[in-house]
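K.L.:
the following comprises the amino acid sequence and a computationally predicted model.
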Amino acid sequence: MPGRIPKRPPLPEEELLAPGHRACAGCGSALCLRLCMKALGPDTVVVMPTGCMEVTTTPYPETAWEVPWIHVAFENAAAVASGVEAALKALDKKDDVTVAVFAGDGGTVDIGFQALSGMLERGHDVVYVCYDNEAYMNTGVQRSGATPMFAVTTTTPAGRRWKGEFRPKKDAPRIAAAHDIPYVATACVSHPQDLVKKVQKAKEIEGPAYVHVLCPCPPGWGYDSSETVEIGELAVDTGMWMLYEIEEGEFRLTYKPRERKPVEEYLKRQKRFSHLTEEEIQRIQRMVDERWEELEKEGSTTD
Amino acid sequence: MGEVHVVNGNYSAAEAVKAVDVDVIAAYPITPQTPVVEYLSEFVANGELDAEFIHVESEHSAISAVVGASATGVRVFTATASQGLALMHEVLFIASGMRLPIVMTVANRALSAPINIWCDHSDTMAQRDTSWIQLYCESNQEIYDTVIQAYRIAENEDVLLPVMVCYDGFTLSHTLEPVEFEPEDEIREFVGEFEPIHCKLDPEEPMTLGPVGGPDSYMEFKKMQHEAMKEALKVIPEVNSEFEKRFGRSYGDGLIEPYNVDDADVVIIAMGSVCGTIKHVIDEHRSDVGLIKVKAFRPFPGDDIRRLIEGKDAVVTIDRAHSYGSMPPLWTDVKAHAPDVEVSSTIAGLGGRDIRVEDILEVIEVAEKGEGTDEPVWINVNV
């Protein structure tokens, strides 16, 4: 729908995440980081915890990063970023340099959650981006707190007793927002303009900003590597994933599908949901419907 | 000339940190270290120290934040003890592996269980192999002097390793002693401005820090860390003697401090505040006994110790920690460097149990009887 998307200046051609890294073909997370770097620009220090994007971009003595970059451990990216930000303040360089974290869902909603909460609560001026591929993909698709209900992973297989993941996805952006930080947003790599705009906003806002980006993963979710953007679009158009922002406490949808497609259209395209019965699909549909009804009651608007 | 103040060990550490003018402090309170964090907060709050203070939510984040800050090119400080140090464990390897000149003080305290807030060396001994330099102090003056020297050692370009300054919880951390504080401008001149040498997160010159090191490169990095430790064996005495020239105080050669060893038949090897008690025993009761105070546990000055104990009638170590199911750490290191010397092993003062004069006399007796050479003798224990 080209008419609905306002015109924006083209993104910089410069690639700050250089090609040649070792991510899989069709990697949604690599696409996410590439777009984020276009939004953030070269005066950025990137902090990353252990994860897919860390191991695939920095095999010594090579690196895909054209900006200063640091990895320390798995659960502490937000704490490391706090230290980098404090040091930049001490050096009087804070106004010229952005500190950004790119962390996977495991490094964010599970093992890195305490450090993230501390960083948000203390108010560090850091852009924290969670690239969410909904499981521990780096170690071979184990469930995380961000794995959606009924998704099969190697630690939540479907069998006679188990039906994939037991519980709905942890609502990390809402928890981030509960810290009363100036900016929280969700995005999806299938909607690059929306993503870039949000990351730019996150950069401009003083104080902590949290951007949670859904990043489809071909090997982990079980679809062809040419379909990443399409799968992302289906996640958004079925309402399985919402695009919104919370600015100074004000919730606002940034994209509302004219008519939500049935979730089945999203689920049936992925091997991780191929075991679902009609009943389970309907259960997911009800969860999604209820979530949207709640939103509508809140009187949310879109642009 | 400095000014003498009567202060506890934690204050002594905080005063040194202020004197070297650190840029970023990240710390989390834990007994018996807590007052260090409080004193530094006060200094920053009053504007006496111009530093960024990060009120982290755990020790894991404390060490992680100072790693991030140090990698950005500023001078940093953190402090902890016991469980807090154990929680930092993972990141300690990374701080040294990234060759960051971080300085941390540890108010030595026992590890749970049972939970115990009093002194022993279990906490720092458990971090022995993290590739941090470990310096142990006997007095509050030594804490002040060692923290200042620690920055010179850590930031030396042949070393570039983090330094842990260890002092006994309560025995030093909460006990008042007269300490001479030097004028801050002189300390700052002695320590110098911090210039990041090998790494800095700066968009002007982008670097990738903490990459993946596979089987083709990992071992080289690790061997270089060992070489840096060996360099520290040279640098620590240099800094010690330069400090002595300037401020008139030294601690042996900075690595070990022998006391009455030349004239002694029996030599005790020990670390930390118990060395004060041992010196008292030597002075008042046993002039035939000598002491080797081990100040640097990592790097371990094993050859120097071997030369001093060879030919003695009896040698004994006092460990305030244990390696359960084997021999305790100080004894093990001494024996590794002096395999031909009979060395008795004693364990004393775990979990804050007092090490009294009569306990030191018992340690000497163990050595004279040649006991404890293949199984440690536990001093003043009721099981």
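P.N.:
Nice, thanks for sending it over. These numbers come from a predicted model, not from an experiment.

K.L.:
what residues does the stretch 51-200 of chain A put near chain B?
P.N.:
Within the stretch 51-200 of chain A, the residues that sit near chain B (Cβ under 8 Å from any Cβ of the partner chain) are A:54-55, A:58-61, A:63, A:65-73, A:75-76, A:78-84, A:86-91, A:96-97, A:114-115, A:117-118, A:121-122. C-betas here are computed from N, CA, C, even on glycine.

K.L.:
give me the buried subset of these.
P.N.:
Buried subset of these (neighbour count, 16 or more other Cβ atoms under 10 Å in any protein chain shown): A:54-55, A:58-59, A:63, A:65-73, A:75-76, A:78-84, A:86-91, A:97, A:114-115, A:117-118, A:122.

K.L.:
keep only those of those that are in strands.
P.N.:
A:Trp69, A:Ile70, A:His71 (DSSP state E).

K.L.:
contacting residues around the second one?
P.N.:
By that I understand A:Ile70. Neighbouring residues of A:Ile70 by Cβ atoms under 8 Å, 6 or more residues apart in numbering or on different chains: A:Val45, A:Val46, A:Val47, A:Met48, A:Val80, A:Val84, B:Gly68, B:Ala71, B:Leu201, B:Thr208, B:Leu209, B:Gly210.

K.L.:
so which of those residues are in helices?
P.N.:
A:Val80, A:Val84, B:Gly68, B:Ala71 (DSSP state H).

K.L.:
elements contacting the helix or strand hosting B:Glu231?
P.N.:
Taking DSSP states H and E as the criterion, B:Glu231 maps to helix B:218-247. Helices and strands touching helix B:218-247, by 3 or more Cβ pairs under 8 Å, 6 or more residues apart in numbering or on different chains; DSSP states H and E, are helix B:82-97, strand B:133-136, helix B:140-155, helix B:184-191, strand B:296-298.

K.L.:
would you turn those into CSV with mean neighbour count?
P.N.:
As requested, these are exported to CSV (neighbours: other Cβ atoms under 10 Å in any protein chain shown):
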stretch, mean neighbour count
helix B:82-97, 21
strand B:133-136, 26
helix B:140-155, 26
helix B:184-191, 16
strand B:296-298, 23
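
K.L.:
what residue lies at the spatial centre of chain B?
P.N.:
The centroid of chain B falls nearest to B:Leu135 when counting by Cα atoms, centre = their mean (2.7 Å).

K.L.:
how near is that one to chain A?
P.N.:
B:Leu135 sits at a distance of 24 Å from chain A (criterion: Cβ to the nearest Cβ, to the nearest Å).

K.L.:
pull the contacting residues for that residue.
P.N.:
Shown in contact with B:Leu135 (Cβ under 8 Å, 6+ apart): B:Thr146, B:Gln149, B:Ala150, B:Val163, B:Met164, B:Val165, B:Cys166, B:Ile236, B:Lys295, B:Ala296, B:Phe297.

K.L.:
of all the residues you listed, which two lie farthest apart?
P.N.:
B:Gln149 and B:Phe297 (15.4 Å; Cβ to Cβ).

K.L.:
near chain A, which residues of the stretch 1-150 of chain B?
P.N.:
B:23-24, B:26, B:51-52, B:54-58, B:60-62, B:64-74, B:76, B:90-91, B:94, B:98.

K.L.:
helix or strand for the residue nearest to B:Ile309 when sequence neighbours are not counted, which one?
P.N.:
Setting aside the residues directly before and after it, B:Ile309 is nearest to B:Val315 in space (Cβ to Cβ, 6 or more residues apart in numbering or on different chains), at 4.7 Å. Assigned by DSSP H and E, B:Val315 belongs to strand B:314-319.

K.L.:
after that strand, next one along is what?
P.N.:
helix B:329-337.

K.L.:
which strands border the helix or strand just after that next one, and is each parallel or antiparallel?
P.N.:
Sequence order places strand B:344-347 as the next helix or strand after helix B:329-337, per DSSP H and E. When sheet partners are counted by DSSP bridges, strand B:344-347 sits next to strand B:314-319 (parallel), strand B:377-378 (parallel).

K.L.:
may I have strand B:344-347 as CSV, with CA atoms only?
P.N.:
Output of strand B:344-347 as CSV, limited to C-alpha atoms (Å, rounded to 0.1, in the frame of the first residue of the first chain):
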residue,chain,number,x,y,z
SER,B,344,54.2,-28.5,56.7
SER,B,345,50.7,-27.3,56.0
THR,B,346,48.3,-25.8,58.5
ILE,B,347,44.8,-24.4,58.1
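
K.L.:
does anything pack onto the next helix or strand after that strand? Which helices or strands?
P.N.:
Once the chain leaves strand B:344-347, the next helix or strand it forms, by DSSP H and E, is helix B:357-368. Identification of packing neighbours for helix B:357-368 by 3+ Cβ pairs under 8 Å, 6+ apart yields strand B:266-270, helix B:274-284, strand B:314-319, strand B:344-347.

K.L.:
buried residues, helix B:357-368. List them.
P.N.:
Result for helix B:357-368 [16+ other Cβ under 10 Å]: buried residues B:Asp359, B:Ile360, B:Glu362, B:Val363, B:Ile364, B:Val366, B:Ala367.

K.L.:
would CSV of the residues you listed with distance to B:Glu375 and pLDDT be doable?
P.N.:
Shown next, in CSV, are the buried residues of helix B:357-368 (distance: Cβ to Cβ, whole Å; pLDDT from 0 to 100):
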residue, distance to B:Glu375, pLDDT
B:Asp359, 18, 98
B:Ile360, 20, 98
B:Glu362, 16, 98
B:Val363, 15, 98
B:Ile364, 18, 98
B:Val366, 11, 98
B:Ala367, 14, 98
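
K.L.:
how about the stretch 51-200 of chain B: which residue is closest to chain A?
P.N.:
Nearest residue of the stretch 51-200 of chain B to chain A (Cβ to the nearest Cβ) works out as B:Gly68 at 3.0 Å.

K.L.:
any buried residues in stretch A:266-282, and which?
P.N.:
A:Tyr266, A:Leu267, A:Arg269, A:Gln270, A:Arg272, A:Phe273, A:His275, A:Leu276, A:Glu280, A:Ile281.
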